[in-house]
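# Using only what follows, build the 3D model:
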Amino acid sequence: MDHCVFCDIADGKLKAKILYKDEKIMAFYDLEAVAPIHFLVMSRAHIVSVKAINKENSSTVSGIFEVIAALAKKLELVDGFRVVANSGKLAGQTVNHLHFHVLGGRVFEWPPG
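Residues are numbered from 1 along each chain as shown. So this is what the prediction gives:
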């Protein structure tokens, strides 16, 4: 495996503005925010992308969505928010560690650009 910046964040080797952390899941603000509220939620264990979700790790992915719902409520994203997971280079995945972008606080168009 190549070096993974998100594993370094999960291990505490790199700092991040943490919103949530437990033994399996972590959420933190995106350094390159594209919305007034933009945070990432990820498994602390290394999962490469959506393509790597399987029976052994799918319960963690389910837990990620529970965390997303709780944080959206905490951050008062009552009018809606967007959840995005890029999977692979052509989709724009720049860190090969499964993570979900949660974006809110503005209007989003569909389809995205």
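
# how about the lengthiest helix in the chain: buried residues?
Secondary structure of the chain per DSSP state H: the longest helix is helix 58-74. Buried residues in helix 58-74, counted by 16 or more other CB atoms under 10 Å: 60-61, 64, 67-68, 71-72. (Each C-beta comes from the backbone N, C-alpha and C, glycine too.)

# pull the CA atoms of it into PDB?
Taking C-alpha atoms only, helix 58-74 is exported to PDB below (Å, rounded to 0.1, in the frame of the first residue of the first chain):
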ATOM      1  CA  SER A  58     -20.000  -3.000   5.300                       C
ATOM      2  CA  SER A  59     -21.100  -2.600   8.900                       C
ATOM      3  CA  THR A  60     -18.500   0.100   9.300                       C
ATOM      4  CA  VAL A  61     -19.900   1.800   6.100                       C
ATOM      5  CA  SER A  62     -23.400   1.600   7.600                       C
ATOM      6  CA  GLY A  63     -22.000   3.200  10.800                       C
ATOM      7  CA  ILE A  64     -20.500   6.000   8.700                       C
ATOM      8  CA  PHE A  65     -24.000   6.900   7.400                       C
ATOM      9  CA  GLU A  66     -25.300   6.900  11.000                       C
ATOM     10  CA  VAL A  67     -22.600   9.300  11.900                       C
ATOM     11  CA  ILE A  68     -23.400  11.500   8.800                       C
ATOM     12  CA  ALA A  69     -27.000  11.700   9.900                       C
ATOM     13  CA  ALA A  70     -26.100  12.600  13.500                       C
ATOM     14  CA  LEU A  71     -23.600  15.300  12.400                       C
ATOM     15  CA  ALA A  72     -26.000  16.700   9.900                       C
ATOM     16  CA  LYS A  73     -28.500  17.100  12.700                       C
ATOM     17  CA  LYS A  74     -25.900  18.600  15.100                       C
END
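
# and that helix, what does it pack onto?
strand 18-21, strand 25-29, strand 37-43, strand 81-84, strand 99-104 (3 or more CB pairs under 8 Å, 6 or more residues apart in numbering; DSSP states H and E).
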